[in-house]
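J.: Build the 3D model from these lines:
(chains A and B)
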Protein chains: 2
Amino acid sequence: MKIVRLDQVPKAPVTMEDARGITKQVPLSRNDGAPTFSFRVFTLEPGGFTPYHRHDSEHLNYIIEGEGALVTESGEERPVRAGDFVLVLPQEKHRYRNRSAESAFVMICAVPKEYE
Amino acid sequence: MKIVRLDQVPKAPVTMEDARGITKQVPLSRNDGAPTFSFRVFTLEPGGFTPYHRHDSEHLNYIIEGEGALVTESGEERPVRAGDFVLVLPQEKHRYRNRSAESAFVMICAVPKEYE
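T.: Numbering: from 1, shown residues only, chains lettered A, B, ... in the order given. Prediction:
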């Protein structure tokens, strides 16, 4: 068993191309012995965004804090906020964006262990 | 893609033996096309608890709201509260208990799709 809080988990900047103002934490993962999937947490600073990309894995997200948008395959921006659950299926193009000028946008991004 | 909030997800009582005061919601699962794992949410009423059990699947938990305890294999009660991440490995005996007399204890319980 492992019990951990975010302030105990190392935070690393995300340096992917087409991303801005993001840090990543991995509170629970295969490194802890999880056999199937991992919980990462991304913090998007005001104005920050994740890459507009697609991949073979699904994302299961839970928004812990803030207000932002999920940019979909068609380019539509769907609003998302603290308390929302989001499923991004494999190969669905997507991007998260923090639309706030003042507050962070924080979300769990759970992925199969093959992805992280 | 699916975006959903808990107040849009049906809530069902958990009627397992050795459980009390629990409801379950399943905001994201294989029924939505998720290929690997699911997000369920359990709400434990004041004094409520989950079964003291073990199983082949891991749980990845995130405590959304409240204060409670995780009863471990040795019977120890480890405190958990909103903001905690918890990994319960396969075959680790465990139980969640809401120790509050007034407030609900709400947590994400993510499991491989074979489990739910």
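
J.: got a list of what the closest residue to residue A:36 other than its chain neighbours touches?
T.: Leaving aside its chain neighbours, residue A:36 sits nearest to residue B:112 (4.5 Å; criterion: Cβ to Cβ, 6 or more residues apart in numbering or on different chains). Just so you know, the C-beta spots here come from the backbone N, C-alpha and C atoms, and that holds for glycine as well. Listed by Cβ atoms under 8 Å, 6 or more residues apart in numbering or on different chains, the contact partners of residue B:112 are A:35, A:36, A:37, B:36, B:37, B:38, B:57, B:58.

J.: I'd like those residues as JSON lines, with secondary structure appended.
T.: Shown next, in JSON lines, are the contacts of residue B:112 (DSSP: H, G, I helix; E, B strand; the rest coil):
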{"residue": "A:35", "secondary structure": "coil"}
{"residue": "A:36", "secondary structure": "coil"}
{"residue": "A:37", "secondary structure": "strand"}
{"residue": "B:36", "secondary structure": "coil"}
{"residue": "B:37", "secondary structure": "strand"}
{"residue": "B:38", "secondary structure": "strand"}
{"residue": "B:57", "secondary structure": "coil"}
{"residue": "B:58", "secondary structure": "coil"}
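
J.: Buried ones among the residues you listed?
T.: The neighbour-count test (16 or more other Cβ atoms under 10 Å in any protein chain shown) marks A:36, A:37, B:36, B:37, B:38, B:57, B:58 as buried among the contacts of residue B:112.

J.: Specify which member of these is nearest to residue B:116.
T.: Residue B:116 lies nearest to residue B:38 out of those, by Cβ to Cβ, at 5.2 Å.

J.: For that closest one, give me its contacts.
T.: A:60, B:26, B:28, B:29, B:30, B:110, B:111, B:112, B:113, B:115, B:116 are the contacts of residue B:38 under Cβ under 8 Å, 6+ apart.
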